[in-house]
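Participant: turn this into a model:
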Amino acid sequence: MVHDGDQVLLRLGEPPSPLPGPVADLLLSWIDNRDNMNTATNRDSRWLCPGRRAGQPMHPDALSALVNDLGIPTIASRVSAIRQHVLEMPAPVVADALGYHQVTTVKLAVQAGGTWSRYAAGDHLRSPSGWTPR
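Facilitator: Reported below is the predicted structural model:
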């Protein structure tokens with residue numbers, strides 16, 4: 001996480017993503033009250049969810065269990081998010097971006113009711129010859 005003036009950014013990759021005010025407030029509150037910060041090895045951890053070992057994040061299974069304990073079903077939430085993505089963009093693009101097999105995302109797209117069957121593959125940055133903007 002990065003504090004840049006009045007803006008809070010979450011680093012999940014490059015560049016860091018800005019967080020809306022209410023989410024930033026929750027995140028800052030969480031950081032001030034994180035569990036497992038008592039040991040000398042974790043006192044200055046940079047991880048949002050520090051693990052039991054110094055310098056390591058929490059294991060995904062442990063984090064999933066905590067989120068499930070809050071009443072948020074992680075598996076159903078993940079599938080729901082992927083289904084929304086395949087309704088908004090071609091399944092192969094979603095597969096490449098999230099590391100899924102294309103067959104999986106195509107099945108989810110069909111189940112969600114979107115197929116992108118009319119999507120024209122290729123370079124969409126170039127205009128057809130003879131075309132001029134109005």
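Participant: show me what the helix or strand of the chain at the bottom of the mean pLDDT ranking is packed up against.
Facilitator: Ranking every helix and strand in the chain by mean pLDDT, DSSP states H and E puts strand 2-4 at the bottom, with a mean of 75. The elements that strand 2-4 packs onto, with contact taken as 3 or more CB pairs under 8 Å, 6 or more residues apart in numbering; DSSP states H and E, are strand 7-10. Glycine gets a C-beta too; all of them are placed from N, C-alpha and C.
Participant: looking at this structure, which helix is longest?
Facilitator: Across the chain, the longest stretch assigned as helix under DSSP state H is helix 74-88.
Participant: pull the distance from that helix to the chain's centre.
Facilitator: 11 Å (CA atoms, centre = their mean, to the nearest Å).
Participant: what are the buried residues along that helix?
Facilitator: 82-83, 85-87 (16 or more other CB atoms under 10 Å).
Participant: same thing with stretch 5-22?
Facilitator: With the criterion 16+ other CB under 10 Å, stretch 5-22 contains buried residues 8, 19.
Participant: can you list the low-confidence ranges for this structure?
Facilitator: Counting by pLDDT under 70, the ranges of the chain that qualify are 1, 35-43, 115-130, 133-134.
Participant: go again using 80 as the cut-off
Facilitator: Within the chain, the segments meeting pLDDT under 80 span 1-5, 12-13, 30-48, 50-55, 114-134.
Participant: which stretches of it form helices?
Facilitator: 21-32, 60-69, 74-88, 91-98, 102-112.
Participant: re the thing from before, in its sheet, which strands sit next to the least confident helix or strand of the chain, and in what direction?
Facilitator: strand 7-10 (antiparallel) (DSSP bridges).
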